[in-house]
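# A structural model of the following input is requested.
(chains A and B)
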Amino acid sequence: MDISRRGFMKLTGAGAACLGLAELGFDLAPVRAVAADLKIEGAKEVVSICHFCSCGCNIIMSIKDGRMVAAGGDPDFPVSEGALCAKGAAFQSMHYSDRRLQKPLHRAPGSDRWEEKEWDFVLDRIARKVKDTRDKDFMVKNGKGQQVNRVESIFELGASQLDNEECALTHQMLMGLGVVHMDHQARV
Amino acid sequence: MTNHWIDIKNADVVLIMGSNAAEHHPISFKWVLKAKDAGATVIHIDPKFSRTSARSDMHVPLRSGTDIPLLGGMVRHILEKGEFNREYVAQYTNASFIVGDGYDFKNGLFSGYDPAAKKYDQKKWGFALDEKGVPKRDPTLKHPRCVFQLLKKHYSRYTPEKVSSITGVSKQDLLKVYEIYGATGAPGKAGTMMYALGWTQHTVGVQNIRLAAIVQLLLGNMGAAGGGINALRGEPNVQGSTDHCILWNTLPGYLPVPTSDKATVEEYIKANTPETHDPKSVNWWSNKPKYMVSLLKAWMGEAATSENDYGFGWLPKADPGVDYSAIFLLDRMYKGRIKGGFILGHNPAQSMPNSNKVRKALEKLDWLAVAEIHNSETTDFWRRPGVDPKKIQTEVFLLPSCQRGEKDGSITNSGRWLMWHNKGIEPMGQSRSMGWMAVEIFKRVRALYAKESGAFPEQILKMDWPEVYDADGVARKINGSYTRDITVKGKQYKKGEQVESFLYLRDDGSTASLNWLYAGSYGPAGNLAKRRGLAQTSMQARIGLFPNFSWAWPVNRRILYNRASVDPNGKPFNSAKPVIAWENGKWVGDIPDGPAPPMALPGGKYPFIMQTQGMGQIFGPGRVDGPLPEHYEPAETPVKSHPFSAQLNNPCLKAAISDMDVLAKPGDPRFPFVLTTYGVTEQWCGGVDTRNTPLLLEAEPQLYVEMSPQLARLRGIGNGDPVVVESARGRVEAIAMVTVRITPFKVLGKSVHLVGMPFCFGWTTPGAGDATNRLTATVCDPNVSIPEYKACLVNVRKAEKVSELFV
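Numbers count the residues shown, from 1 in each chain, chains lettered A, B, ... in the order given. Reported below is the predicted structural model:
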């Protein structure tokens, strides 16, 4: 019987499939007992990727009832062969950290605190700020009379945290606003 | 990376320099150890002994900022011993090119230097051309003005004695490194170079990489399995974000940014598209017009037509000679010239150099929108220790971002593998993806302009912009599609059909692609980033190519410059580990660098297809600070002279100039020690994500400064003592870690001490310590404006009492 490493892990990881192990000559009684309690039993596997260094280790999230009940290295990913470092191993706990931001926040000028706001409030107000700044400072021509169509007083920094698709749209948006002061972590 | 993670296992020698791979790219080290198990020698050259050193065959400590002397000495050794790959060097590199009469090098300066402007006239370094405009060559490499002879002359000055005296590396260690690495020049042998920010974050950062590439070209290691120049890139999608170029100076796919002196797309294309008169050179960038017009079509859709220059006129234009990069952006912010903006997943108040200045700069803004997962030193700059929030008038918006597992999308790893990640759970609370935020913000700005008009509304309203954020839809658009029914190469395509690869992109508006480099990732066969196939041919399996897992740019090529891994007849230099081979009239193995036959056959082409002349550039006239790397000391240096010339620092170095940008003098007695900075395994970059993850914070809880027992004795500091580290710019509290991992360097006959500090801690994590970057300087490499984080001058003393640390 030819069993790949990944296949083996699937067999040993899922309760029902453990019956197949009889063919390997294992004593199944203790395996069944453990499998019955596995938190990933019945969970759906969804592939994600570690969000730290650029090894890009694939991670298998086990999803049950809309919740990530476990996350571990993906044995099918040929670079990591299922391994994760300390940071990658923290994938699940980072998703459920109570220190995460969960609502848009606003800090008024001169205030000493954040205030929770609705998305519509912050998005509309940012759009207004962008328009007012751009309208005031937009340069159609530079000192030499050349067409430049830019606004120097609005900037953007970030991010190599973004997905490729998010990067592409961010770049397009900045071109659409006339922003030239744009940069991100790739520079440093 | 020119190669990829798994390929490291194919190396005969692994040179890790400017990186602590085992601790900062832990999974990469799996492949280093596999190489070692197979008999490879692993060398770690780094100021500090780390877990990478512990698993290497030898650790060579060098003083931070002296990589060029060490590698320059290696070039000298290779040429003297004749260890280079002569066939490769003569046929595949520009070593045989004759350099024009304008080139000269004297007293540490190349010809054409203007001291007032701190700039070179690079035209002085051009090649001598024949009547057709092709560089003249001497394949025997004997002409006194050929690149090979000029290289030999240049590095003849880098004797082991001089190199040892400035790097602090013993002559014995130098020779051992040179012998081991030089041996990879033998046919069938390969050496890989793994580097990270330890090479790039210097005022000579680009020239560090250049010199590494020169060594790799001399030894025939470029293009080979187990060879290459391999940047261990830091952030999760820094490769992809670089490819999509959220950088002021490039458009997606590394197209140059439009400048104010080029008013039309024709002028832009003419100025930026390289030409060659050598029919054997592919000169891939001659395709630039197709990529640019397809990008304009993707951005502006139906609004971009041949009549209106595809909307080129609507784009913002940079002024030539002005640097808009982060350091200068923040400098202008500090000077009150920037009013508002966006910071997305970035913590400059912590991670940019001279962070005291950055924090002050943020106070000058009218408004700031930050997208983050946690509060950071940047989001909360207005309530940092020592400031009165009432006096800070910046309106701040904090947009909660979701985590990776809560969204779909793709990232590109360091080996250029484009990989898809899938949404598993709903975003926590009201957090959203940054793609969603970009779509919503720009939609609302567009609505305001549609309703009220305003400054130059065309720029905003002509953009082809989605109604909702859909990662799959954007991925399709990145790949590109036909904008009308068309027949290409005898085949009919319908409007809206996906293009198969960048070979199908056109400059007549009939195709649209957000990034030519990624064309082919999502063609008619679907989204190849999702592929998880492990099948390989036996030839591919021998080197672990995995061509069916995900997709790599460009066109699924796994090892760049692979045409240089075969001889001019297409036969692999290394028959045991071939990357490609010409068999029965076709290429097998990896996707070759272009489909042309081997160089010696009819229709054959030179191997380095991205270079205008088709050759690996040993001589590089394109760099602003010289065509050959030369040693210059860091902007802040413990020495007043060095043995190679009287030119102490990079003559072209860039620096921000303000009352807060103060530098210590060379050999400044107030700041006698060299500081180098780095990360730690359990924290990541500026540390916001990991400091907010309890189990990781527990593993690495607090800022420390590593120092040798000799330095500790000198300053009366004990292991575990709270200390103050000071530079000309700032003061930082840290816990002393007295360790033999750092040893004093013998430099020009004197002892030079180096200390090392992580930079991941910040005040929003109570008691952990605050930004190490309050010490570092805003001095930059002149080619790319990367700051010199890796070497500055400090003093260390025992602290009477501390306020930043729990002790």
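
# okay, domains of chain B per the record?
Residue ranges for the domains of chain B, per automatic domain parsing: B:248-316+B:481-518, B:326-460, B:654-798.

# chain A too?
Split into domains by automatic domain parsing, chain A comes to A:5-95, A:105-187.

# out of the ones you listed, name the one with the poorest average pLDDT.
Note on these: domain A:5-95 shows the lowest mean pLDDT, a mean of 80.

# which residue does chain A bring closest to chain B?
Of all residues in chain A, the one sitting closest to chain B is A:Gln102 (2.6 Å; Cβ to the nearest Cβ). All C-beta atoms are positioned from the backbone trio N, CA, C, and that covers glycine.

# and that residue, which of the three is it?
coil (DSSP: H, G, I helix; E, B strand; the rest coil).

# quick one: neighbours of it, just the number.
14 (other Cβ atoms under 10 Å in any protein chain shown).

# now swap in A:Leu123 and tell me
Count around A:Leu123 with other Cβ under 10 Å applied: 21.

# contacting residues for it?
Residues near A:Leu123 by Cβ atoms under 8 Å, 6 or more residues apart in numbering or on different chains: B:437, B:440-441, B:444.

# phi and psi next, for the nearest residue to B:Phe745 once chain neighbours are set aside.
Using Cβ to Cβ, 6 or more residues apart in numbering or on different chains and skipping the chain neighbours, the partner closest in space to B:Phe745 is B:Gly168 (2.9 Å). Backbone geometry at B:Gly168, expressed as degrees, to the nearest 10, gives phi 80, psi 10.

# against B:Glu302, how distant is the nearest residue to B:Lys132 once chain neighbours are set aside?
Leaving aside its sequence neighbours, B:Lys132 sits nearest to B:His277 (Cβ to Cβ, 6+ apart; 4.8 Å). Here the criterion is Cβ to Cβ, to the nearest Å. By it, B:His277 lies 39 Å from B:Glu302.

# between these two, which is the more surrounded one?
B:His277 (14 against 9).

# element containing the more buried one?
When elements are assigned from DSSP states H and E, B:His277 belongs to no helix and no strand.

# deepest in the core, which of the domains of chain A is it.
Greatest average neighbour count among the domains of chain A goes to domain A:105-187 (a mean of 21), per mean count of other Cβ atoms under 10 Å in any protein chain shown.

# for the nearest residue to B:Phe381 once chain neighbours are set aside, grab the count of nearby residues.
Closest residue in space to B:Phe381, ignoring its immediate chain neighbours: B:Leu362 at 4.6 Å, by Cβ to Cβ, 6+ apart. Residues near B:Leu362, counting by other Cβ under 10 Å, number 24.

# correct me, but B:Leu362 touches B:Val396?
No - look at B:Leu362 against B:Val396 with Cβ atoms under 8 Å: they stay out of range, at 9.0 Å.

# quick one: which of the contacts of A:Leu123 has the most company?
When neighbours are counted by other Cβ under 10 Å, B:Met437 leads those with 26 neighbours.

# wait, that one touches B:Leu398, no?
No - contact criterion Cβ under 8 Å: B:Met437 and B:Leu398 do not qualify, at 11.6 Å.

# ok, the residue in the stretch 51-200 of chain B that chain A sits nearest to - contacts?
Proximity of the stretch 51-200 of chain B to chain A (Cβ to the nearest Cβ) peaks at B:Leu197, 8.2 Å away. Contacts for B:Leu197 (Cβ under 8 Å, 6+ apart) come out as B:18-19, B:234, B:789-790.

# repeat that with 10 Å
By Cβ atoms under 10 Å, 6 or more residues apart in numbering or on different chains, the contact list for B:Leu197 reads A:188, B:18-20, B:24, B:205, B:231-234, B:677-679, B:786, B:789-790.

# picking that back up, okay, the domains of chain B in a markdown table with mean pLDDT next?
Formatted as a markdown table, the domains of chain B follow (pLDDT from 0 to 100):
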| stretch | mean pLDDT |
| --- | --- |
| domain B:248-316+B:481-518 | 97 |
| domain B:326-460 | 98 |
| domain B:654-798 | 97 |
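
# next, format the ones you listed as JSON lines and append distance to B:Ile618.
What follows is the domains of chain B, written out as JSON lines (distance: least, Cβ to Cβ, whole Å):
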{"stretch": "domain B:248-316+B:481-518", "distance to B:Ile618": "16"}
{"stretch": "domain B:326-460", "distance to B:Ile618": "24"}
{"stretch": "domain B:654-798", "distance to B:Ile618": "17"}
